[in-house]
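K.L.:
Give me the fold of what follows.
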Amino acid sequence: MGRIFTEQFAFSASDSVVVIGLGRFGGSVAQSLIRLGHDVMGIDQREDLVQFFGDRLTHAVQADSTNESVMLQLGVADFSHAIVAIGSDLAASLMTLMVLTELGIKDIWVKAQTPEHGQIAQRIGAHHVIFPEADMGARVAHLITGRMMDFIEFEDGFAIAKIHAPAETHHQALADSQVRSRHGVTVVGVKRANQDFQHAQPETHILPADLLIVSGPTKKIELFASGGRKRK
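P.N.:
Coordinates of the predicted model:
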């Protein structure tokens, strides 16, 4: 699951990241960031998790993330980004966030279990709040209908999706089907069987088996993918 949400993190290749909480989500995100070329320090109170990630991350440390002195000694203040991925311990999550805020970390991400958790985190100083379970639920709901092959939604209600070409686009150029003016979404690219991905142009001709990469407001993409049929 963490690999999916790593797509949200807009880090430059040279940035260092501290991931606090090496459970299923935090551990997966940390390893994904390593594969993307980042230096990653993982911090957790559980010795078994620290041992597991000892040779998988740049550094893995067993420590109390709610202790500001300990975090200072670990050099956490020097990191560009911090991800608080602590699980169900709300107090530990928020106390860790407070420590990171005091240390002056300029980009803090917090995994939240509930909307209330997220609201408190933002008030304390979180720059980004992630709801993995809710976001994954929305993603699966879009994919399970069969209308979308892939789906990524951003915080502002904007999404990018891979969908089956709706019938109204078949056997004509994109300029003729007027997707953007009629539906408010943009066709970014087209993938045809046994052919390379191609960037969409006004003259791009769409066939029934094509897959379209589209971007735009989530609701408008949903409607376009359904063939223009509004849900009851």
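K.L.:
Please make it C-alpha for all contacts and neighbour counts, starting now.
P.N.:
Noted.
K.L.:
what about Q62, how many neighbours?
P.N.:
15 (other CA atoms under 10 Å).
K.L.:
what's the answer for the one 3 residues further on, then?
P.N.:
Using other CA under 10 Å, S65 has 24 other residues around it.
K.L.:
Can you tell me how far E153 is from A161?
P.N.:
When CA to CA, to the nearest Å is the yardstick, E153 and A161 sit 8 Å from each other.
K.L.:
When these two are compared, which one has more neighbours?
P.N.:
When E153 and A161 are compared for neighbours, A161 comes out ahead with 24 against 18, by other CA under 10 Å.
K.L.:
element containing L94, please.
P.N.:
The secondary structure element spanning L94 is helix 90-102 (assigned by DSSP states H and E).
K.L.:
Check the offset of that helix from the chain's centre.
P.N.:
How far helix 90-102 lies from its chain's middle: 22 Å, per CA atoms, centre = their mean, to the nearest Å.
K.L.:
Show the secondary-structure elements that it is packed against.
P.N.:
Packing partners of helix 90-102 (3 or more CA pairs under 8 Å, 6 or more residues apart in numbering; DSSP states H and E): strand 81-84, strand 108-111, helix 115-124.
K.L.:
Make CSV out of the ones you listed and add mean neighbour count and mean pLDDT.
P.N.:
Supplementary listing: the helices and strands packed on helix 90-102 in CSV, determined by neighbours: other CA atoms under 10 Å; pLDDT from 0 to 100:
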stretch, mean neighbour count, mean pLDDT
strand 81-84, 24, 94
strand 108-111, 24, 93
helix 115-124, 15, 92
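K.L.:
now these in TSV, with distance to E68?
P.N.:
Shown next, in TSV, are those (distance: least, CA to CA, whole Å):
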stretch	distance to E68
strand 81-84	14
strand 108-111	16
helix 115-124	16
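K.L.:
among those, which is nearest I221?
P.N.:
Minimum separation from I221 across the helices and strands packed on helix 90-102 (CA to CA) falls at helix 115-124, 25.2 Å.
K.L.:
Identify the residues contacting that closest one?
P.N.:
When contacts are taken as CA atoms under 8 Å, 6 or more residues apart in numbering, the neighbours of helix 115-124 outside the stretch itself are L90, L94, L97, M98, T101, V110, K111, A112, H128, V129, I130.
K.L.:
Which residue comes closest to I163 once chain neighbours are left out?
P.N.:
M148 (4.4 Å; CA to CA, 6 or more residues apart in numbering).
K.L.:
how much space is there between P202 and I120?
P.N.:
Relative to I120, and taking CA to CA, P202 is found at 46 Å.
K.L.:
wait, I meant Q62
P.N.:
As judged by CA to CA, Q62 and I120 stand 26 Å apart.
K.L.:
what's the answer for T218, then?
P.N.:
For T218, the distance to I120 - CA to CA - is 26 Å.
K.L.:
Wasn't Q113 part of a helix?
P.N.:
No: assignment of Q113 by DSSP: H, G, I helix; E, B strand; the rest coil gives coil, placing it outside any helix.
K.L.:
now it, nearest residue through space, not along the chain?
P.N.:
What sits nearest to Q113 in space, not counting adjacent residues and going by CA to CA, 6+ apart, is F131, at 6.4 Å.
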